[in-house]
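**Student:** This is a predicted model, with the sequence first.
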Amino acid sequence: MRWWLPDAGSTFAGPIDTLFLAILIITGIALVVVEVGLVTFVIRYRGRPGRKAFYTHGSTRAEVIWTAIPAVTMVALGLISNHYWVLIKDKKSVPPNAYHLGVHAKQFEWQVTYPGPDGKLGTADDFTVRNQLHVIVNQPVAVELTSEDVIHSFFVPEWRLKQDAVPGMHITAWFQATKTGEFELGCAELCGMGHYKMRARVFVHTPDEYKAWVAQQAAGGTE
Amino acid sequence: MTSVAHARPEAHGDAQHAPMSFWRKYIFSTDHKIIGIQFLFVSLFFLLVGGLLAMQIRWQLGFPGTPMPGGGILPETMAVNRVILPEYYVQLVSMHGTFMVFFAIMPLLVGVYANFLIPLKIGAHDMAFPRINMASFWLALLAGLIMTASFFVPNGPIRSGWTNYAPLAARPDLSGVTVGQMLWCVSIVVLGLSSVLGSLNYITTVINHRAPGMTWFRMPLSVWALFITAILGVLALPVLQGAAIMLLFDNVLGTHFFDPVAGGQALLWQHLFWFFGHPEVYILILPAMGMVSDIIANGSRKPIFGYHSMVFAIIGIAFLGWIVWGHHMFMSGMNPTLGSTFMVSTLLIAVPSAIKVFNWLGTMWRGNLRFHVPMLNAIGFVSMFTIGGLSGIFMAATPVDIPLHDTQFIVAHIHYVLFGGSLFALFAAITYWYPKMFGRMMSERIGKVHFWLTFVFYNLTFFPMHIIGMGGQMRRIYDPTIYTFLKPQQPLNVFISYAAFALFAVQFLFAFNFLWSLKFGKKAPMNPWEDNGMEWSLPNPAPHGNWDRTPNVYRGPYEFSAPEAGDKDYLPQYTKLPTDRDPVPAPLPAGGH
Amino acid sequence: MQTSTMTDVMRPPSPAEPGAGVYSNKLGMWVFLASDVMFFTALIGSYIVLRFGMASQWAQPGAVLNVPLTGLNTFLLICSSVSMVKAYAAIADGKKYFLRKVPGKRLQDGGLKFWLLITIICGAGFVSVQLVEYIKLVGEGFTPSGYREGSLLAEHALADPVKYGAGVAGMYGSTFFTMTGFHGFHVTCGVISMLYLYFTKVLPEKYSPQDYRGIEVIGLYWHFVDLVWIILFTIVYLI
């Protein structure tokens, strides 16, 4: 049983988890202030016979304070968040040395197209594997996402990566895995009755392993 | 259209004298109070339906693949050997959302309380257009029946979530739903018409039918909230209607609005849906905030803290609500720059929300608190809405939204706002205005037991969903255990399910209290909560037409513990002190029109 | 009880707090129209996104749709707006009659009964012409899902794909029929309402210079529907 986000598996996890923790602390403080205030007032000002409430319509100073603090916090949070948002999702942020893969989603499977030994997508030696995603560790990978039929969503929790695949659109999502091993790719957008089983295995290889796997696949072998 | 031109604002005129048949009085009534009560019964029924659907969802998530108790009555297309089928599971989540949002919470807040409270609280004899009001109720009921009917048609109800994302919803060959999808669209168009008719009534009534002395800034916050909500409704629902009509045409006429294969755009649906959908979120919370404000001031025996900023916070939330819809679409492939814009506007909406929470706290500060059942539920609202509001910040910050989007974290968030928020407010409101509706009090003891049990089981149900969502459990998946990374947290899913069953069971206490008190509740005095609102100057239950003579309003709604009240700790809006002068009626404008 | 008398129904309800400064029926209609604006905004906005967010060109103006005929129809609708104004002015002046001879003038003077009837006829005429146009278009093969296979238009589109926007005919049909259809539905509702008013209020001479709320409110609606049509005609037929 985990009580936290999944183990970090990509370069995005660092900033995202830090930001998550920061928001948790900020909202935690706000929550404690409100709930403790609520409980204190409930106990302290519980009704007693013969007492009268303090007749006031408010205090401008108090209201200015509790308007300004959230406003400033939110603007700061927005600025910090935006920095990482652009880094992760902006089209221009895809590293030039990224290794491109094609991922075509359809009800209810993931078709992953690999560039083959020549390392280029859209050439004759490309090959497609169903429901298996193989990538190289510590290597930026750009996924060219498309969809056959309805909206699906490419989601690997360890990589902190989620991106919808929308029919009629060509979306590039990039990431850099930092941990080798086997993970899972799920669909995060309801895509029909088989939504729950739209699942692929994800393998993060060392460069040598990957090369060997590609060679084996290109030779027509199956794993 | 024609009825707009005909309904007479003075239709209450002769209505209160002649004895009316049962049918005219309780079924085809034009009395805003009766219409509110009709809405109350119908939407409580749909609340029960939505709850039953939720229980089945929880059964499947807690115990996937095991026969469900009582599942034997389901046909083969939904459950085989009492085991829920994947397609039925998707229908469950879709219809749970649809019923709860459109047929339970929205009519409970707006249909019931806008109808019941607005004329009573502003000192009007009825709505501006009583017959349109009646039409609004019957259309809402019709829409609900159409939606319910979709369970009984071939292939069953929708399978694309309550959000109906296209192209899944637009292509019967991909969703497997035919008639159910059409019924959804038709039902929503009818419901939209009902909402628009209701809302234009509320708006007109508030603007034109306030009693002398009921200035804008003497209106209770509940009326302010319902008024602003009505504006949102009038402007938002037609957009959903337009979208639903296009979706309907895609399904039946062979158009291609949302089908990219023939040149349509899949994201267009999301933009339209959420352009409606986000204001809708505030339709579902603003009235709750307004009514909670009234109740907290009453329970604290103090004027509301910062009345004006509360009003401006309502307006601010409603305004910002129009420019944040894109935050539902951060992962949709929408231009990331747009995402940045929507993130900023979304984070800013936290500010007016924070103002409201702190002002409620400020109201309780140095009060003389009375913990009647409405007050308990209102305090529950404040504490739970705070969690719901704060958890929203996680998703508003776009990078953090990436792992959380479309997971159970979202489910937790929306339930903290809609159940912890709106529904607690409704428990408060139902108990609070019950005496004015039915002339009797609901049982205080059952009410308190119900509140505490609900509060506990509610948190046990929904708080762990945050953790499950952080762990990555996607929304709307039939069987989480097939994923290796979700398997370890299955015990928590089981725990949530048990808590949810208990939460559901506890609601029968409320149902019992509600029904039992209709007949056996303690007879209510005219002003049982010692409140200041105009409605408490009327006998229980209030007669058709409300007041014999248009009442005068002498002060704001929150003059609790005012020095001039003497030894009482409240001073109603209708009480004329020796120092008060009668309000001067508004001068007639010079021109006729 | 409110102290409303016959003379102040065209004014805001009184005594009360100052409201919008108009009587409730009119205010209600304004609010309804605001909501209707949002409805058409959804349809027209989608149209703009679908048409101009797309790489391929739509059919050229006039290639599929009969612009002169619809231009005439537009003129008819504008005329109906003018006659609606005349009907409004007539009852405000107390002219409840159909036609009346005015000394010194060659033409007879029209009253409410005359001008509202003209409006109804123009409105019904508009809907009829639109129906005829629909039938003709569907006959030629223009349907909500595009050019019907084997139809005249499908052949034209094959011969001249640019002029007929062959690639996006589906979207063209979808948006055309939805937008003009819902506008036609609005006009129809207006005509039915006016007919209802005509027989229950206008012919029995229930309107007077002191109370002609029905005419003013339906007039607002009518001008709105007219305005929407001018926008639709421009963006659907002309560009």
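**Tutor:** Right, received. Where do you want to start? Residues are numbered from 1 along each chain as shown, chains lettered A, B, ... in the order given.
**Student:** Kindly indicate whether the residue of chain A most remote from its centre is helix, strand or coil.
**Tutor:** Within chain A, residue A:50 marks the point farthest from the mean C-alpha position, 57.6 Å out by C-alpha atoms, centre = their mean. With DSSP: H, G, I helix; E, B strand; the rest coil as the basis, residue A:50 sits in coil.
**Student:** can you give me the strands in chain A?
**Tutor:** A:99-106, A:109-114, A:127-130, A:132-136, A:140-147, A:152-156, A:161-165, A:171-176, A:181-187, A:199-205 (DSSP state E).
**Student:** got it, and chain C?
**Tutor:** So, for chain C - with DSSP E - the strands run C:99-100, C:109-110, C:142-143, C:146-147.
**Student:** what about the last one and chain B, any contact?
**Tutor:** Yes - contact between strand C:146-147 and chain B, assessed by C-beta under 8 Å from any C-beta of the partner chain, occurs at residue C:146. Bear in mind the C-beta positions are built from the backbone N, C-alpha and C, glycine included.
**Student:** Low-confidence regions, the chain specifically.
**Tutor:** This is for chain A. A:221-223 (pLDDT under 70).
**Student:** could you do chain C instead?
**Tutor:** Using pLDDT under 70, chain C drops low at C:1-8, C:11-18.
**Student:** Please repeat the previous calculation with a cut-off of 50.
**Tutor:** The model of chain C has pLDDT under 50 over residues C:1-7.
**Student:** how near is the residue nearest the centre of it to chain A?
**Tutor:** Nearest to the geometric centre of chain C sits residue C:225, at 3.5 Å (C-alpha atoms, centre = their mean). Using C-beta to the nearest C-beta, to the nearest Å, we find residue C:225 at a distance of 34 Å from chain A.
**Student:** what about the closest residue to that residue other than its chain neighbours, neighbour count?
**Tutor:** Counting by C-beta to C-beta, 6 or more residues apart in numbering or on different chains, the nearest residue to residue C:225 once its immediate chain neighbours are dropped is residue C:186, at 4.9 Å. By other C-beta atoms under 10 Å in any protein chain shown, 20 other residues sit near residue C:186.
**Student:** And for residue B:92, the neighbour number?
**Tutor:** Neighbour count of residue B:92, defined by other C-beta under 10 Å: 25.
**Student:** What of residue B:569?
**Tutor:** Residues lying near residue B:569 (other C-beta under 10 Å) number 20.
**Student:** Over to the one 3 residues further on?
**Tutor:** The number of residues packed around residue B:572, counting by other C-beta under 10 Å, is 21.
**Student:** Same check on residue A:108?
**Tutor:** Per other C-beta under 10 Å, the neighbour tally for residue A:108 reads 19.
**Student:** Isn't it up against residue A:186?
**Tutor:** No - Residue A:108 lies out of contact with residue A:186 (C-beta atoms under 8 Å); the separation is 11.1 Å.
**Student:** Overlap of the contact sets of these two?
**Tutor:** residue A:198 (C-beta atoms under 8 Å, 6 or more residues apart in numbering or on different chains).
**Student:** any idea how far stretch C:164-182 is from the chain center?
**Tutor:** On the basis of C-alpha atoms, centre = their mean, to the nearest Å, the separation between the geometric centre of stretch C:164-182 and that of its chain is 20 Å.
**Student:** Residue B:158 versus residue B:94, what's the distance?
**Tutor:** 5 Å (C-beta to C-beta, to the nearest Å).
**Student:** ditto for residue A:199
**Tutor:** Counting by C-beta to C-beta - residue A:199 and residue B:158 are separated by 24 Å.
**Student:** Also residue B:409?
**Tutor:** 24 Å.
**Student:** rewinding a little: winner for burial among the strands of chain C?
**Tutor:** Highest mean neighbour count of the strands of chain C: strand C:146-147, a mean of 26 (counted as mean count of other C-beta atoms under 10 Å in any protein chain shown).
**Student:** Residue B:74 touches residue B:85, doesn't it?
**Tutor:** No - applying C-beta under 8 Å, one finds residue B:74 not in contact with residue B:85, separated by 9.0 Å.
**Student:** Please work out how many residues are found near the residue of chain C found nearest chain A.
**Tutor:** Closest to chain A within chain C is residue C:54: 10.4 Å, counting by C-beta to the nearest C-beta. Residue C:54: 16 surrounding residues under other C-beta under 10 Å.
**Student:** quick one: contacts for it?
**Tutor:** The contact partners of residue C:54, by C-beta under 8 Å, 6+ apart, come to B:263, C:168, C:171.
**Student:** let's see 7 Å
**Tutor:** Neighbouring residues of residue C:54 by C-beta atoms under 7 Å, 6 or more residues apart in numbering or on different chains: B:263, C:168.
**Student:** go on, residue B:39?
**Tutor:** Contacts here follow C-beta under 7 Å, 6+ apart; on that basis residue B:39 touches B:107, B:111, B:112, B:115, B:137.
**Student:** Now with 8 Å, please.
**Tutor:** Residue B:39 neighbours (C-beta under 8 Å, 6+ apart): B:107, B:108, B:111, B:112, B:115, B:137, B:140.
**Student:** out of those, what pair is the most spread apart?
**Tutor:** B:108 and B:137 (13.2 Å; C-beta to C-beta).
**Student:** Counting neighbours, what do you get for residue B:431?
**Tutor:** Residue B:431 has 28 neighbouring residues, counting by other C-beta under 10 Å.
**Student:** Residue B:41 now?
**Tutor:** That count, for residue B:41 with other C-beta under 10 Å as the rule, works out to 10.
**Student:** Spit out the contact partners of the closest residue to chain C within chain A.
**Tutor:** Closest contact between chain A and chain C, by C-beta to the nearest C-beta, is at residue A:168 (10.4 Å). Counting by C-beta under 8 Å, 6+ apart, residue A:168 touches B:260, B:261, B:264, B:265, B:266.
**Student:** ok, of those, which one's closest to chain A?
**Tutor:** Nearest to chain A among the contacts of residue A:168, with distances taken as C-beta to the nearest C-beta, is residue B:260, at 2.6 Å.
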